[in-house]
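1. got a sequence here, can you build the structure:
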Amino acid sequence: MELASSFIKAGKTPTIETVGVPFSVRSKQPFKNYRLKIFELFAKPEYAVGICLHEAAHAILLEEAGVLNCRFFGPAIQYDRVNRTLFPSGARIEPGKERDRKVDEALIFERTTQLAVGGVALQKYAGITEVSDDQDYKDFARKYATMPAALRKEEPNVLWKRAQLNAGTWLDKPETKQKILARAQGYLQLLYP
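-> So this is what the prediction gives:
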């Protein structure tokens, strides 16, 4: 929290990625409101630390599963040209290249745990129940609904709860916490250049 506070007191603000958003959209509402809201949120050290903890948990768990070169991206406002909608985000992890794997129940559970871990990390390490983690669940539910019926052995909310418990067990390991906290500090430094 001290590191984030020092960046904010020094007047640093994150750079908001807007690649692909046409100027005609950037010069109007709701884009302007999203931009202001992102700056407002990142002026709070607890928000910045929370975002970094959340994303660090995703990245470390992905890397431990063999997904290398996970990249951290700070705040962004993305644009869906088909639906003409904007999607603001505080940060995200883009996984690197993965090895080919058979899609089975084990892989589905692993991926679900990887999506659930960010919110669980915030609860365990910072005592924060994250409202924005709902997006991770929505992403999971959308992907889960497109899978063949034979692979959907349980209701999505039941699988999500199991994945949260699994993530919690992993997060209880002292070495895991140490890795996540170290990575989160690095992400903070990337947020406030």
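
2. how about the worst-scoring helix or strand of the chain on mean pLDDT: buried residues?
-> Lowest on mean pLDDT, DSSP states H and E among the helices and strands of the chain sits helix 134-145, with a mean of 87. Judged by neighbour count using 16 or more other Cβ atoms under 10 Å, the buried positions of helix 134-145 are 135-137, 140, 144. C-beta coordinates here come from the backbone N, C-alpha and C atoms, glycine included.

3. nearest to residue 62, of those residues?
-> Using Cβ to Cβ, residue 136 comes nearest to residue 62 of these, at 13.1 Å.

4. quick one, grab the pLDDT at the nearest residue to the closest one once chain neighbours are set aside.
-> Among residues not flanking residue 136 along the chain, residue 115 sits closest, at 4.7 Å (Cβ to Cβ, 6 or more residues apart in numbering). pLDDT recorded at residue 115 is 93.

5. point out where the protein drops to low pLDDT.
-> Applying pLDDT under 70 to the chain flags residues 130-133.

6. strands of that one, start to end?
-> 71-73, 76-80, 85-89, 92-94 (DSSP state E).

7. can you name the residues in contact with the first one?
-> When contacts are defined by Cβ atoms under 8 Å, 6 or more residues apart in numbering, strand 71-73 is touched by residues 17, 55, 59, 91-94, 96, 187, 190.

8. before we move on, what about stretch 104-118?
-> By Cβ under 8 Å, 6+ apart, stretch 104-118 touches 53-55, 57-58, 61-62, 65, 101, 130, 133, 136-137, 139-140, 143-144, 147, 151, 153, 159-160, 162-164, 166-167, 170-171.

9. in helices, which of those residues fall?
-> Taking DSSP state H, the ones among the contacts of stretch 104-118 that sit in helices are 53-55, 57-58, 61-62, 136-137, 139-140, 143-144, 159-160, 162-164, 166-167, 170-171.

10. list buried residues within the residues you listed.
-> Looks like the ones in helices among the contacts of stretch 104-118 have 53-55, 57-58, 61-62, 136-137, 140, 144, 159-160, 163-164, 166-167, 170-171 buried, using 16+ other Cβ under 10 Å.
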